[in-house]
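Peer 1: Okay, predicted coordinates and the sequence, questions at the end:
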Amino acid sequence: MTSSVTERDDRSIRDKILGRAGAARSFGEPGKRFSVKGLIKESFAPSDPFAAEPLPWCSEAEIFEKAYGNPLGPDYWDAWLFGAQSRAELADLMAAHCATNQDQFTRVKSTILGELTPQPQKSWREEVEWLIANPNTRTFVPDSLREFLDPQSPRKGTGAPGRPSSMHLVFAEHDRRCEANQAFLSVVEEAEYLQSWFASSHKNLSGTTAKTIENRIRNDHNKWKGKFPRK
């Protein structure tokens with residue numbers, strides 16, 4: 001009985017967060033991005049001493065898709081990076097997207113501020129690029145933001161102990177299939193397979209289209225396919 005009640009409560013929390021994310025789609029800026037960042041933080045995993053790696057109530061990709069219609073959130077990042085913002089706000093934003101719980105959020109935010117404080121003040125875009133270049137902070141920049149800054153570069157995940165995203169999982173499965181030589185030689189067929197695999201294996205996460213997957217895996221897929229002689 002307790003287990004079923006807990007599961008029902010979990011679904012209720014998820015539904016409320018995603019419902020509010022969907023409502024935010026009609027908001028203007030800056031209210032929209034602040035609302036979405038608030039929902040990202042609200043979805044932190046509950047404190048549970050018995051859970052080794054508790055996951056957040058909702059993934060970044062789910063919230064982005066509801067609020068912006070795109071699981072990578074390019075309009076969200078564009079809104080944040082346009083104009084001057086404080087460093088404290090930047091550290092808060094990066095920590096919100098990398099952390100899965102409040103304790104981790106506090107540690108990440110403190111680390112980012114500690115690394116940025118001695119540096120000359122720059123634009124947010126430049127400071128994010130500095131965080132990526134800095135080995136002490138590079139794992140604290142979410143992959144969706146890296147994708148926004150450099151859309152031509154395939155992203156395989158930063159190794160950060162943060163939020164799972166749909167493309168993280170798709171990339172990992174594609175890597176596994178290539179290493180095992182199980183992938184289709186055709187990138188179109190492989191993308192269609194991965195889209196179907198994701199939909200059936202991760203029903204609690206919002207996926208993406210086969211065409212998007214095809215575009216994101218194309219370079220790595222062609223490198224793998226190049227190992228085989230042409231017939």
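Peer 2: Arrived safely, thanks for sending. Numbering: from 1, shown residues only.

Peer 1: what are the ranges of the helices in this protein?
Peer 2: Defined through DSSP state H, the helices belonging to the chain, from first to last, are 2-23, 31-42, 60-68, 74-81, 87-98, 102-116, 124-133, 143-149, 166-179, 187-201, 210-225.

Peer 1: State the distance from the residue lying closest to residue 13 once chain neighbours are set aside to residue 20.
Peer 2: Closest residue to residue 13 in three dimensions, ignoring its sequence neighbours and counting by CB to CB, 6 or more residues apart in numbering: residue 57, at 5.2 Å. C-beta here means a position set from N, CA and C on the backbone, and glycine is covered the same way. In this view, residue 57 and residue 20 are 12 Å apart by CB to CB, to the nearest Å.

Peer 1: more neighbours, the two?
Peer 2: Neighbours were tallied for residue 57 and for residue 20 using other CB atoms under 10 Å; the higher tally belongs to residue 57 (21 against 17).

Peer 1: isn't the more buried one right next to residue 41, touching?
Peer 2: No - if you go by CB atoms under 8 Å, residue 57 and residue 41 don't touch, sitting 11.0 Å apart.

Peer 1: joint contacts of these two?
Peer 2: Taking CB atoms under 8 Å, 6 or more residues apart in numbering as the contact criterion, no residue touches both residue 57 and residue 41.

Peer 1: What are the contacting residues of stretch 126-138?
Peer 2: Residues lying outside stretch 126-138 but in contact with it, judged by CB under 8 Å, 6+ apart, are 81, 87, 90, 94, 111-112, 115-116, 119, 122, 140-141, 145-146, 149, 158.
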